[in-house]
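Engineer: Curious how this folds, go ahead:
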Amino acid sequence: MLRKVTAALLGLALSTGAAVAEETTIKFTLGWKTQGSDAAFFYAKDNGYFKEEGLNVVIDQGEGSGATVTRVMSGAYDAGFGDVNAIIQNASTKPQEAPVMVYMMWNQPPFAIVAKKTSGINTIKDFEGHTLGGAQGTPTTRLLPVFTRKNGLDGEKIKISNMAPNLQEPMLIKGDIDAALVFNITSYFNLVLNRQDPDKDFKWFSFGEYGLDLYSNGVMVSRKLLASNPKAVAGLVRAINKGAIAVAKDQNAGMKAALNYDNLINADVEKRRLQYSFEKLIVSPEMREIGIGDIKDDRMTRAIGIVVEGYQLARAPTPAEVFSREFLPPRAERELVYTAN
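Structural biologist: Numbers count the residues shown, from 1 in each chain. Below you'll find the predicted structure:
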């Protein structure tokens, strides 16, 4: 009898060990420091969605949505949240190394120009004769020449003052520059944290509304993970999709998960940022039509053309080199309904 019990316990231990061994670890990098707009990832982890897929997802803070691409390409991370336009740049020259986006979250681009209402800038034509503050290398600054050409502006009449990103809002507030080339979801809340009213006292010009209809941030994975474990990629996408849909319905639950990950964040500001991400970047007529996570290939082709022009790339990658819908859940499971609460 003792021998039978021992054998049973041994079998249980071996089966448990096998189950643990089957769990796949995925190192995942955020696009920046902890923000409310990342709540879907934290919610998926806290509610066991990753575990249900046999995944152990280790989430680290990021260094910028463009840097996510280099982090994944280096092999330091398997996946992350970052900018598809940075994928396009790398896919142009290193198509076998560049990550692939598998779940588009920000259907609308965050690239914008923000001006104080007292600056006298009321239309984009008013940029001429004024000084814009831009951080070198950022998409908004790099794409400004495309913006000016598409909108018939005289780029020679627009002065660019180069500066670090963290100086843009302080210099804008002081009046040292007339407008700033920014990411709206970052700049809006930098102004809030500087005790400004971004809606009342500032005017926003989104690139997406002026001919630069670009996609933006989503979930990307390494080509190595795609090739070696497509099942894990599909599970990662399913779990994040469930998290995004849940947080769209309940931002308080999303913020609880974000605070569980990092209790030092400003909960009030980050909840506003979370809601802003849905209202300005995620929810759109196209997203309602095709569901969260997917893209339209013809729009991506045009977006690639804009990036190729702006960054003067030698080769335009195809949409298939940049984005794969192979791992998306069925359309019915990607129906996102956002309700601010």
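Engineer: Please enumerate the strands of the stretch 151-300 of the chain.
Structural biologist: 159-162, 179-183, 202-206, 217-221 (DSSP state E, counting those that start in this stretch).
Engineer: For these, give me JSON lines that also has mean neighbour count and mean pLDDT.
Structural biologist: To be clear about C-beta, it is placed using only N, CA and C from the backbone, and glycine gets the same treatment. Compiled in JSON lines, the strands of the stretch 151-300 of the chain are given as follows (neighbours: other CB atoms under 10 Å; pLDDT from 0 to 100):
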{"stretch": "strand 159-162", "mean neighbour count": "14", "mean pLDDT": "96"}
{"stretch": "strand 179-183", "mean neighbour count": "27", "mean pLDDT": "97"}
{"stretch": "strand 202-206", "mean neighbour count": "18", "mean pLDDT": "98"}
{"stretch": "strand 217-221", "mean neighbour count": "27", "mean pLDDT": "98"}
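Engineer: and of those strands, who's closest to N47?
Structural biologist: Ranking those by proximity to N47 (CB to CB) places strand 217-221 first, at 17.3 Å.
Engineer: quick one: the closest one to strand 179-183, angle?
Structural biologist: For strand 217-221 against strand 179-183, the angle by axes from the mean of the first three to the mean of the last three CA atoms, to 10 degrees is 40 degrees.
Engineer: Against which helices or strands is strand 217-221 packed?
Structural biologist: Using 3 or more CB pairs under 8 Å, 6 or more residues apart in numbering; DSSP states H and E, the elements in contact with strand 217-221 are helix 67-73, strand 79-83, helix 84-93, strand 100-104, helix 230-249.
Engineer: what lines up beside the second one in the sheet?
Structural biologist: Applying DSSP bridges to the sheet, strand 79-83 is found paired with strand 24-29 (parallel), strand 217-221 (antiparallel).
Engineer: Nearest to A258 among these would be which one?
Structural biologist: Nearest to A258 among the strands paired with strand 79-83 is strand 24-29 (14.9 Å), distances taken as CB to CB.
Engineer: before we move on, the earlier item: would you list the strands of the stretch 151-300 of the chain in CSV and tack on distance to I59?
Structural biologist: Shown next, in CSV, are the strands of the stretch 151-300 of the chain (distance: least, CB to CB, whole Å):
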stretch, distance to I59
strand 159-162, 33
strand 179-183, 21
strand 202-206, 29
strand 217-221, 12
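Engineer: mind checking how far the one residue sitting closest to the centre of the chain is from Q108?
Structural biologist: Note on the chain: the residue nearest the mean C-alpha position is N217, at 2.7 Å, using CA atoms, centre = their mean. Plainly put, N217 is 10 Å away from Q108 if you go by CB to CB, to the nearest Å.
Engineer: can you list residues touching both of these two?
Structural biologist: Common contacts of N217 and Q108 (CB atoms under 8 Å, 6 or more residues apart in numbering): L281.
Engineer: what number of residues lie near the residue nearest to S216 when sequence neighbours are not counted?
Structural biologist: Of all residues not flanking S216 in the chain, W106 sits nearest, at 3.8 Å (CB to CB, 6 or more residues apart in numbering). By the criterion of other CB atoms under 10 Å, W106 has 24 neighbours.
Engineer: Tell me the secondary structure at W106.
Structural biologist: Under DSSP: H, G, I helix; E, B strand; the rest coil, W106 falls in the coil class.
Engineer: thought it was touching E279?
Structural biologist: No. Taking contacts as CB atoms under 8 Å, W106 lies outside contact range of E279: 11.8 Å.
Engineer: Over to P198: give its phi and psi.
Structural biologist: Dihedral pair for P198: phi -60, psi -20, per degrees, to the nearest 10.
Engineer: Spit out the contact partners of it.
Structural biologist: Shown in contact with P198 (CB under 8 Å, 6+ apart): V114, S187, Y188, L191, V192, W204.
Engineer: How many residues are close by the third one?
Structural biologist: As a burial measure, Y188 scores 24 neighbours (other CB under 10 Å).
Engineer: Tabulate the helices and strands packed on strand 217-221 in TSV, adding columns for distance to L181.
Structural biologist: Shown next, in TSV, are the helices and strands packed on strand 217-221 (distance: least, CB to CB, whole Å):
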stretch	distance to L181
helix 67-73	18
strand 79-83	15
helix 84-93	15
strand 100-104	24
helix 230-249	29
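Engineer: most tightly surrounded among those?
Structural biologist: strand 79-83 (a mean of 28; mean count of other CB atoms under 10 Å).
Engineer: now what about that strand, what contacts it?
Structural biologist: With CB under 8 Å, 6+ apart, strand 79-83 has contacts from 26-31, 38, 41, 62, 65-69, 71-72, 99, 105, 139, 216-222, 225, 233, 236.
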